[in-house]
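[1] Have a look; sequence and predicted model below, questions after that.
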Amino acid sequence: MGETDEETATPKPNLPWKLKLFLGAISWVIERSLRPNMTVNRRLINFFDPKIPPSPNPRRGSDSVASSDITVDHSRNLWFRLFNPSPTTSTGSDNGVSGMPIIVFYHGGGFAIGHANSMIVDTAARRLSRELRAIIVSVNYRLAPKHRLPCQYEDGFDVLRFIDEMDTEGLPANADLSRCFLAGESAGGNLAHQVAVRAAEHDFKRVNLLGLIAIQPFFGGEDRVKSEIRFSRGPFLTLDAIDWYWRAFLPEGTDRDHAAVNVFGPNAVDISGLRFPPTLLFIGGCDPLRDRNIMYYEGLKKSGKQVYVVEYPNAVHGFSGFKEIPESCLFLREVKDFMEMQMAKEKV
């Protein structure tokens with residue numbers, strides 16, 4: 001029995017017209033920056049992706065967030081931007097305890113675009129810190145195609161290991177490493193998953209991972225899925241860009257069924273025996289990655305892992321970073337509830 005026209009028609013997300021124009025402009029810039037010879041026009045990208053310095057002395061107020069940059073490894077330009085929100089005036093502390101939870105955050109960009117000091121990444125991390133009352137460690141990892149797999153995974157895990165070994169003067173005094181979460185958007189969600197796998201086999205001194213927050217994680221495979229075809233033209237992430245990112249990221253001679261791409265595919269690594277953290281998964285109904293994210297949910301469940309899924313039917317790829325989209329505020333509430341639930345379990 002064939003699909004009806006209604007089933008095959010591409011849904012039109014209900015977005016503010018200014019945001020539609022902005023997303024269209026960003027897509028135009030990205031598509032023209034990803035060259036056929038597998039190089040990136042960094043000059044064009046940087047023109048539309050301004051970098052901003054940290055703000056160690058922000059304006060006063062309960063919503064202020066201080067930030068600073070901390071180097072992990074000079075040789076590979078590995079560093080992170082740390083965000084620390086001001087304590088609330090009502091309690092003098094947050095979450096009913098003296099310390100704040102830590103979220104290690106990995107930005108998106110197909111493993112090829114974005115930096116921790118990019119305006120869009122800085123803004124997103126600052127908002128997470130302010131709204132969630134958490135210390136954010138926003139990782140600046142190496143980018144493809146100059147640096148391919150496994151460079152990004154190594155950088156992501158090494159930052160987690162680095163903060164585990166930092167002395168008391170390195171991290172803020174209110175940082176609570178016993179309540180640590182991993183979070184990532186798009187390619188950063190893929191990276192966060194891989195870091196969680198590695199962390200499950202590592203003995204940390206102080207870091208205690210309580211959860212993984214996967215925001216429209218970037219996964220794929222050789223066979224096309226329906227959402228990749230239905231939303232092949234974006235509005236923000238296109239199928240052409242998806243294919244380019246994988247070619248730039250993967251080692252030569254491999255395809256999209258590589259275990260890094262198709263994590264529960266034919267070459268998957270069995271994680272059923274690992275201490276993988278509880279996962280909160282966000283899915284966008286108008287995202288080309290929608291069906292891949294559902295497959296990820298099913299893979300985690302089949303592996304015996306605890307996973308909560310939240311799908312917003314109207315959400316496009318990258319929705320969480322745009323306050324103009326109503327689902328962006330709902331997203332923050334879901335993350336906050338998830339974190340509080342996992343921290344409460346830890347007290348028991």
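    Great, that's in hand.

[2] And the helices in the stretch 151-300 of the chain?
    151-165, 187-199, 226-230, 239-249, 290-302 (DSSP state H, counting those that start in this stretch).

[3] Which one of these lies nearest to residue 125?
    Among those, the nearest to residue 125 by CB to CB is helix 187-199 (10.9 Å). No exception for glycine: its C-beta is placed from N, CA and C like everyone else's.

[4] which other helices and strands contact that closest one?
    strand 100-106, helix 151-165, strand 175-185, strand 209-215 (3 or more CB pairs under 8 Å, 6 or more residues apart in numbering; DSSP states H and E).

[5] Just want the angle from it to strand 175-185.
    Relative orientation of helix 187-199 and strand 175-185, computed by axes from the mean of the first three to the mean of the last three CA atoms, to 10 degrees: 130 degrees.

[6] quick one, helix 187-199 and helix 151-165 angle?
    Computed by the same axes, to 10 degrees, the angle between helix 187-199 and helix 151-165 is 60 degrees.

[7] sorry, back to before: so which of the helices of the stretch 151-300 of the chain is the most packed in?
    helix 187-199 (a mean of 25; mean count of other CB atoms under 10 Å).

[8] Next, format the helices of the stretch 151-300 of the chain as JSON lines and append mean pLDDT.
    As requested, these are exported to JSON lines (pLDDT from 0 to 100):
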{"stretch": "helix 151-165", "mean pLDDT": "97"}
{"stretch": "helix 187-199", "mean pLDDT": "98"}
{"stretch": "helix 226-230", "mean pLDDT": "97"}
{"stretch": "helix 239-249", "mean pLDDT": "97"}
{"stretch": "helix 290-302", "mean pLDDT": "98"}
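
[9] Let's have those in JSON lines, adding distance to residue 263.
    Listed next are the helices of the stretch 151-300 of the chain as JSON lines, based on distance: least, CB to CB, whole Å:
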{"stretch": "helix 151-165", "distance to residue 263": "12"}
{"stretch": "helix 187-199", "distance to residue 263": "7"}
{"stretch": "helix 226-230", "distance to residue 263": "16"}
{"stretch": "helix 239-249", "distance to residue 263": "13"}
{"stretch": "helix 290-302", "distance to residue 263": "7"}
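
[10] With respect to residue 36, which of those lies nearest?
    Using CB to CB, the helices of the stretch 151-300 of the chain put helix 239-249 closest to residue 36, at 8.7 Å.

[11] thinking again about what came up before, any idea which of the helices and strands packed on helix 187-199 gets closest to residue 235?
    strand 175-185 (16.6 Å).

[12] from the middle of its chain, how far away would that closest one be?
    13 Å (CA atoms, centre = their mean, to the nearest Å).

[13] list the buried ones in it?
    175, 176, 177, 179, 180, 181, 182, 183, 184, 185 (16 or more other CB atoms under 10 Å).

[14] Tell me what angle that strand forms with strand 209-215.
    Strand 175-185 and strand 209-215 are oriented at 30 degrees to each other (the same axes, to 10 degrees).

[15] Go through the helices of the stretch 151-300 of the chain and name the closest to residue 273.
    So among these, helix 187-199 is nearest, using CB to CB, at 11.4 Å.

[16] Touching that closest one from outside, list them.
    Defining contact as CB atoms under 8 Å, 6 or more residues apart in numbering, one finds that helix 187-199 is touched by 104-111, 141, 152-153, 156-157, 160, 182-184, 207, 209, 212-219, 245, 260, 263, 269, 271, 274, 276-277, 296.
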